[in-house]
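Novice: here is the input, now give the coordinates:
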Amino acid sequence: MNECGLCEQVLEDGYLCPGDTLGLAERLERMPRLYEALAGFLTPAARGLGEAVSRGPAVATLPVDEAVLDLRYGGIALVLESWLSAVQEARGWGQPAVQGSPEGRVYRAARSLGANLEWIAAAYPAAGDLAREVREMEGAALSIVGALPDRGRRLGQCVAVDASGVICGAVVWQRPGQKLRCDWCGSSYQTEQELLVLLHGLSKAGAAEDVA
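Specialist: As a prediction, the model looks like this:
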């Protein structure tokens, strides 16, 4: 018998209960969007237009919010990547590549951890520590940005294929008044055929052959 590493619920086996596994999955899915939302809070709020202006000596203000800076340039990406590195080492795999923009690094690390969640919950003794750190990191970010805005209706996963033949796989959301497109790779879904490809998870090549 084991205990859930987060809530200490008794488990027949494994290291993370189903509820906390689901919670971790949802936090990992939200993390890239939360990371993007933090960008709007980097600069401290400007002085209100109706606020009295002092005639005394000018006082230098901090050009950026340090808490946001820590999360945007270090915190989120490094935490997720360090856990992904530890998971891959525990599985006997090579180390993950760390490259690209901070946004891309957060997305790739969060997505890769999500892809390993079944194994993490079942076989990774540090699963509770991982879940706890991700929860605390999300809480720190939400204390800055507040509740995330409604991201719309989930339609499916992006089926665009890049030059190397890898399917994007990011979730595509439908938002009122906005064109339907993948937030990650930028692929659009405007025509009826493109929408059917998205909704049914078909490859574009396969769909084209069927139409022909």
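Novice: just the helices in the protein please.
Specialist: Per DSSP state H, the chain carries helices over the ranges 18-38, 66-70, 76-90, 102-115, 117-123, 127-145, 192-200, 204-211.
Novice: rebuild those as CSV, extending it with mean pLDDT, mean neighbour count and distance to Lys179.
Specialist: For the C-beta atoms, the positions are set from N, CA and C on the backbone; glycine is no exception. Shown next, in CSV, are those (pLDDT from 0 to 100; neighbours: other C-beta atoms under 10 Å; distance: least, C-beta to C-beta, whole Å):
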stretch, mean pLDDT, mean neighbour count, distance to Lys179
helix 18-38, 89, 18, 18
helix 66-70, 76, 15, 29
helix 76-90, 93, 19, 28
helix 102-115, 90, 19, 20
helix 117-123, 95, 18, 32
helix 127-145, 90, 18, 25
helix 192-200, 73, 15, 11
helix 204-211, 39, 11, 18
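Novice: the nearest residue to Leu11 once chain neighbours are set aside: how many residues sit nearby?
Specialist: Closest residue to Leu11 in three dimensions, ignoring its sequence neighbours and counting by C-beta to C-beta, 6 or more residues apart in numbering: Asn2, at 4.7 Å. If you count neighbours by other C-beta atoms under 10 Å, Asn2 ends up with 14.
Novice: for Asn2, what are its contacts?
Specialist: For Asn2, the contact set (C-beta atoms under 8 Å, 6 or more residues apart in numbering) comprises 10-15.
Novice: switch the cut-off to 10 Å
Specialist: The neighbourhood of Asn2, defined by C-beta atoms under 10 Å, 6 or more residues apart in numbering, consists of 9-17, 125.
Novice: any quick PyMOL command for the buried ones out of those residues?
Specialist: Buried residues within the contacts of Asn2, by 16 or more other C-beta atoms under 10 Å, are selected in PyMOL with:
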select buried, resi 11+14+15+16+17
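Novice: switch the contacts of Asn2 over to JSON lines; also include distance to Ala90 and pLDDT.
Specialist: Formatted as JSON lines, these follow (distance: C-beta to C-beta, whole Å; pLDDT from 0 to 100):
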{"residue": "Gln9", "distance to Ala90": "23", "pLDDT": "88"}
{"residue": "Val10", "distance to Ala90": "24", "pLDDT": "89"}
{"residue": "Leu11", "distance to Ala90": "19", "pLDDT": "89"}
{"residue": "Glu12", "distance to Ala90": "21", "pLDDT": "88"}
{"residue": "Asp13", "distance to Ala90": "17", "pLDDT": "90"}
{"residue": "Gly14", "distance to Ala90": "15", "pLDDT": "93"}
{"residue": "Tyr15", "distance to Ala90": "12", "pLDDT": "95"}
{"residue": "Leu16", "distance to Ala90": "14", "pLDDT": "93"}
{"residue": "Cys17", "distance to Ala90": "20", "pLDDT": "92"}
{"residue": "Pro125", "distance to Ala90": "9", "pLDDT": "95"}
